[in-house]
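[1] following is a predicted model, sequence given first.
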Amino acid sequence: MGLYDKIGGQATVEKVVDAFHKNIMADSSVSGYFAKTDMAKQRAHQIAFFSQILEGPSQYAGRPMEKTHTGMKLQQAQFDTIVKHLNAAMTASGVSSADAAAAMANVEALKGSILGK
Ligand code: HEM
């Protein structure tokens, strides 16, 4: 069974994304980046994107990581903060720490394109 099905599929991914956004918006070190973001659209894109990251259905139709984050001048510190919030959102949604770690490895692989390095 793939990671996506193992953690509970779409329903769990939706829970994770909601907890993830709550964590981000409660953290003033990163919430400002989302001041002008349409969070309903962001939610839909994140659900689709994380489904793919979790080796589930490929349905993401948003912009590629390089294009989305270019101009934000993101550094390792912001990346680590977002990863921390995502990891916490996963465990709070019932994903085991081993499964969350496997998902985080897939997110880490995107670091170069998100930080533009
Ligand atoms: C850690 C890994 C990250 C992943 C997997 C990720 C993924 C995504 C995705 C899928 C989108 C949607 C793109 C679209 O709708 O076309 C997005 C948008 C966005 N990301 Fe990230 N991101 C990450 C890190 C970060 C970091 C570190 C920041 C800033 C602290 C950030 C800030 C944003 C903002 C502000 C948007 C919305 C842009 C807009 O309003 O158009 N992201 N991200």
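    Looks like it arrived, so ask away.
[2] report the contact partners of residue 115.
    Residues touching residue 115, when contacts are defined by C-beta atoms under 8 Å, 6 or more residues apart in numbering, comprise 69, 74-76, 79. Heads up, the C-betas are built off the backbone N, CA and C, glycines and all.
[3] ChimeraX command to pick out the buried ones of those?
    Burial among those is assessed by 16 or more other C-beta atoms under 10 Å; the matching ChimeraX selection reads:
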select :69,74,79
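[4] can you pull up the residues of the chain that come close to the ligand?
    By the criterion of C-beta under 6 Å from any ligand atom, the positions of the chain lying close to the ligand are 30, 33-34, 37, 42, 45-46, 49, 62-63, 68-69, 72, 74, 78-79, 82-83, 107, 110, 114.
[5] okay, and which of those map to helices?
    Residues from the residues of the chain next to the ligand lying in helices, with DSSP state H as the criterion: 42, 45-46, 49, 68-69, 78-79, 82-83, 107, 114.
[6] quick one: which of the residues you listed is nearest residue 16?
    Nearest to residue 16 among those is residue 46, at 8.9 Å by C-beta to C-beta.
[7] where does the protein get nearest to the ligand, which residue?
    Of the residues in the chain, the one nearest the ligand is residue 62, at a distance of 2.8 Å by C-beta to the nearest ligand atom.
[8] quick check: buried residues in stretch 11-22?
    For stretch 11-22, a neighbour-count test (16+ other C-beta under 10 Å) marks 12-17, 19-21 as buried.
[9] helix/strand/coil for residue 66?
    In three-state terms, and counting by DSSP: H, G, I helix; E, B strand; the rest coil, residue 66 is helix.
[10] okay, now residue 91: neighbour count?
    The tally of other residues near residue 91 (other C-beta atoms under 10 Å) stands at 14.
[11] check contacts around it.
    By C-beta under 8 Å, 6+ apart, the residues touching residue 91 are 97, 100.
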